[in-house]
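Enquirer: just coords:
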């Protein structure tokens, strides 16, 4: 069956698409339909080529700006060889034919030793024909996305032989920011769990790891400037911390997958654990004129607070190479500030009257200015906008409130003010319910709000949030995958080509089986089976 | 703090209990409070004895009916040594002191080579004093429960040394039947996943594995009488089946933990997969006078059906040693039967008129009689009672309908008829929701229905059901543990001693950390940490 697909993105012409008839019981998605998230524009055919792991090569194109020695691509070639030929590394299959197949990668700019950033192009073109594939990209980050696509195009027949179909793909992400938040404060996640999540993120083409590294319950980040923060604020000072070496390992691993690491040090609320290692930082709460012994948010009335924050963020800015930093600013409880006579006196002095939103605004402006001076772009939770704070125009507002559907109003309001937004509200994936809730994540329309075309462009992307109240290394993977992958396709692919959630279902089932094959503990979407079930019990 | 606990079970005197002050952040449950499920009667003290793995011995009492060579206990001693001293097997700890400690086990009856059954006593007495522990039980199955309790009493200090406190325990289960259902038809579970579940079941003192082995989607049981059932009805005839050897392995592993294996071959509904390998078994559905090509429940109008079932159940009865067999009988859709002219003719001949419940009753009576003749006690889902079928008085009715709270009426009705019941309805643990839903499982009161004391005694126990629509080996463990453990305490312990769910919370958190330490992927209950986090990422 041959069907005309309209590719409505302005820059691409119409393409023919072969649709395979999908068997829901035994999926055999051997064309681009089997790539998740769906590429922007593609042709594929039933013409197939055998791949032989003993005669399969990755190489650099002659004109490529990146050549052998490019750390990102050299290591990607090694990883993808194992991902493409899972049986080969087991030494179980032997091939007698030796028809060579070469994947030639060409890059416009040599950014092999850099980090992906907000402006990095992830565009790539992939052409698969007899005996070779050609992968072209502006950057190594785009080449990584193309290698992922290539790896998903390869399939095995019932005898274990590998094949790929003739294919042409032109692909690029719909949104620049496609993130996953992990919360390492409510539960500590071993570094290995983070690294494995980064691997799986790359399989779904996520490109930002938002590391909500500290919060009320624990402070696992081992600061070189303030070591007491973790030695007194972590669940355990030795076993439940991230050393500088751990952090470097996460950043380095993420880089090789083309993933940015965006650290969040949320303040002035959500800071209970900070107070243990930094006396005087938090506001002493009062009860009837005397200190109650409990502490509230960071004390915004003391100069020492800003001196501490300046030093901490100077360290954080140098440890994390990304140009963005997340400053939090959500859910500040004013009751403790209200109870404290020194804070009230400060309010009077500053002319804030009894409007504590002005005090919070004052605090956040100071923090944003600290990080601006460090050449970082700030992301803050939407609360900061809601309080009408004066923050730099390039600050990104992170929308987390308003399910169902009320987040659209916030999208309108913030973009109308000319500010950029990042959408998280519909993707609080730690919330679970019985059944196929991935459909809710898939059918989100991030630009479906009232506003101009200019406003729509201010939506920089979306983020899947895995808050940690009920999640640690025991259940992180099955809760995240493949549910997060539903959001991944929404953030990467053309909305019109992926508007039918029922059509997505067998494709996502197939992709979930691919994740299992790669050792990712991705839970089932519904009744059925994968050729290779999860064996890591 | 010393508190008087009333132990209201008639056969035990009042005992003193030392309550440790529990720290929610860093749990240190070093007394019987740290045993899950809570023993029936106990004293414990703060007097503690060091345990040295190099001088720790299990042995048989001189008067014990079981002695060395007892397969169940010999292997339990080996297993529990590793569970009690997890560091020792790593070779990391070395002790210079050699104070010996002996656990002496005495059994009244030598049932070392048998299987646990519905009448098996699980009662045990455990006395821990300086240099020794004495464990007495009527059966090896009771000794296994006592060894589990002993293992949970051992703890490590911050330097890795092992200790146990002076303790006296008299313990026995509140209910005889404490089961977990796994569904291996909607998803195939690798044998390893089943074995690991059996391990974890024993840690919570569950004693019945209800193996819902086949259903509509697939027939993984490889029958020696009817091999086509799996070769045509399984998801895959080689990789997604349970061979006779697999089944024996599961039964044997379960036996060593004192767990019964109760197989379910559900009919006449839930049998779509049976039809593939057994043509003529299912009812052909009609559409306007002609066969539609689809099939309904088992065809109750044909003698060949009963011949097939007699042969299948003869095999099943010999493969599975337990005296119980589960025959299903739930959710029969009458529409296909109604459409079929041969079935309608049979109805007329039998004088059933148009009452299809009579046809289902006729079918189930036949099946129950087949298994009765094989000396098996039948368990059937409550539907069979609801249709007023004539079934033997010793048949157990399995309650699965009626959440919330409507199952109490069914408990009343069935027990009023003098039939025994097994309660599953409030423990459909495959259903998930956000937050601490274990509290719902914990606060079930299985005997809180209107009826006489005699009726209450007809509740033989309860069962946690993990239906497989959305569950396979990727998410089975974190969904099951520790949520199922909440039900385990309800089914084992005295209800009055365990009526406060808030008091249970830190104990269950502590037990969950013990499960992690044993390699069980048990998910967190709420914010916090375990000394040893899950490392199997």
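Expert: Right, received. Where do you want to start? Computed from a prediction, not measured in an experiment: that's the story for all the values here.
Enquirer: so residue A:71 sits right up against residue A:112, yeah?
Expert: Yes - using Cβ atoms under 8 Å, residue A:71 is in contact with residue A:112, at 5.7 Å. Where C-beta positions appear, they are placed from N, C-alpha and C, glycine not excepted.
Enquirer: The two: which has the busier surroundings?
Expert: With neighbours defined as other Cβ atoms under 10 Å in any protein chain shown, residue A:71 and residue A:112 compare such that residue A:112 has more, 17 against 14.
Enquirer: for the more buried one, what are its contacts?
Expert: For residue A:112, the contact set (Cβ atoms under 8 Å, 6 or more residues apart in numbering or on different chains) comprises A:66, A:69, A:70, A:71, A:72, A:73, A:140.
Enquirer: Which of those ranks first by neighbour count?
Expert: Of these, with other Cβ under 10 Å as the count, residue A:140 tops at 27 neighbours.
Enquirer: separation between residue A:83 and residue A:150?
Expert: Applying Cβ to Cβ, to the nearest Å, the value for residue A:83 to residue A:150 is 10 Å.
Enquirer: circling back: want to try a markdown table for the contacts of residue A:112, with distance to residue B:393 and secondary structure as columns?
Expert: Below are the contacts of residue A:112 laid out as a markdown table (distance: Cβ to Cβ, whole Å; DSSP: H, G, I helix; E, B strand; the rest coil):
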| residue | distance to residue B:393 | secondary structure |
| --- | --- | --- |
| A:66 | 80 | coil |
| A:69 | 81 | coil |
| A:70 | 78 | coil |
| A:71 | 75 | helix |
| A:72 | 73 | helix |
| A:73 | 74 | helix |
| A:140 | 75 | helix |
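Enquirer: could you list every residue that touches residue A:174?
Expert: By Cβ under 8 Å, 6+ apart, residue A:174 lies in contact with A:40, A:491, A:492, A:493, A:494, A:495.
Enquirer: Other residues contacting the helix or strand hosting residue A:367?
Expert: Using DSSP states H and E, residue A:367 falls within helix A:356-373. Residues outside helix A:356-373 that contact it (Cβ under 8 Å, 6+ apart): A:267-268, A:298, A:300, A:306, A:309-310, A:313, A:317, A:325, A:327, A:329, A:332, A:334, A:337-338, A:343, A:346-347, A:350, A:352, A:378, A:380, A:384, A:387-392, A:395.
Enquirer: Report how many residues lie close to the residue nearest to residue A:40 when sequence neighbours are not counted.
Expert: Nearest residue to residue A:40, sequence neighbours excluded (Cβ to Cβ, 6 or more residues apart in numbering or on different chains): residue A:171, at 5.1 Å. Counted with other Cβ under 10 Å, residues neighbouring residue A:171 total 25.
Enquirer: With residue A:375 instead?
Expert: 8.
Enquirer: Can you name the helix or strand that it falls in?
Expert: Using DSSP H and E, residue A:375 falls within no helix or strand.
Enquirer: mind listing what it touches?
Expert: Applying Cβ under 8 Å, 6+ apart, the residues near residue A:375 are A:317, A:323.
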